[in-house]
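[1] Curious how this folds, go ahead:
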Amino acid sequence: TMCLDTLLALLMALTHSLLFVAFFQAEVLGVDPREVNVPVVGGHAGVTILPLLSQVSPPCSFTPDEISYLTNRIQNGGTEVVEAKAGAGSATLSMAFAAAKFADACLRGMRGDAGIVECSYVASEVTELPFFASKVRLGRGGAEEILPLGPLNDFERAGLEKAKKELSESIEKGVSFMNK
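    Next up is the predicted model:
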């Protein structure tokens with residue numbers, strides 16, 4: 001269905017953002033990107049992409065300069081790929097990998113594996129917005145629980161306000177379009 005296709009596209013887009021997070025964080029830390037896990041909430045464009053670097057696993061601390069650098073690289077990762085390809089394409093392979101990673105998480109949840117959490121753009125009460133990319137626990141029934149944001153540092157709280165402002169306008173346009 002159109003709704004399911006749209007939902008899957010949004011979920012995979014967020015997984016795609018998570019891949020940029022893992023890559024750029026691994027670059028700073030000098031670790032294997034497969035071992036990096038950090039929630040990315042908000043949306044999937046520019047300032048709406050909010051990596052929660054304070055919640056990274058494995059745990060580590062970043063300087064303010066590293067936080068700013070990583071956040072900027074993550075928010076603009078897709079644009080960097082398009083520019084590197086001189087406008088002749090996008091991050092096709094990482095999108096394909098993101099789709100496979102997300103499908104694997106869904107299948108593991110449906111199998112009954114415990115602790116499967118992915119960030120997904122969902123109808124949510126995590127913020128005052130009707131939709132928000134949030135940490136979602138996957139299980140046999142699909143999306144079983146939308147998790148709270150957790151503790152945010154000052155940088156993340158400021159980023160959250162910017163993301164919500166931008167997302168609010170986008171959500172309003174999307175809802176208006178769907179109600180035509």
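
[2] does R137 really touch E144, like I thought?
    Yes: at 5.3 Å, R137 and E144 qualify as touching, with contact defined as C-beta atoms under 8 Å. Just so you know, the C-beta spots here come from the backbone N, C-alpha and C atoms, and that holds for glycine as well.

[3] ok now do the nearest residue to P148 once chain neighbours are set aside, which residues does it touch?
    Excluding the flanking residues, the one nearest P148 by C-beta to C-beta, 6 or more residues apart in numbering is V126, at 6.3 Å. By C-beta atoms under 8 Å, 6 or more residues apart in numbering, V126 lies in contact with 41, 132, 134, 146, 148-149.

[4] Would you list the buried entries among those?
    By neighbour count, with 16 or more other C-beta atoms under 10 Å, the contacts of V126 hold 41, 132, 134, 146, 149 as buried.

[5] can you confirm the second one is in a helix?
    In this case it means F132. No: assessed with DSSP: H, G, I helix; E, B strand; the rest coil, F132 is strand; it does not lie in a helix.

[6] could you say which helix or strand contains S170?
    Here S170 sits within helix 154-178, counting by DSSP states H and E.

[7] name the helices or strands packed onto that helix?
    For helix 154-178, the elements it packs on are strand 40-42, strand 49-51, helix 64-75, strand 131-139, judged by 3 or more C-beta pairs under 8 Å, 6 or more residues apart in numbering; DSSP states H and E.

[8] Least confident of these, on average?
    With a mean of 84, helix 64-75 has the lowest mean pLDDT of the helices and strands packed on helix 154-178.
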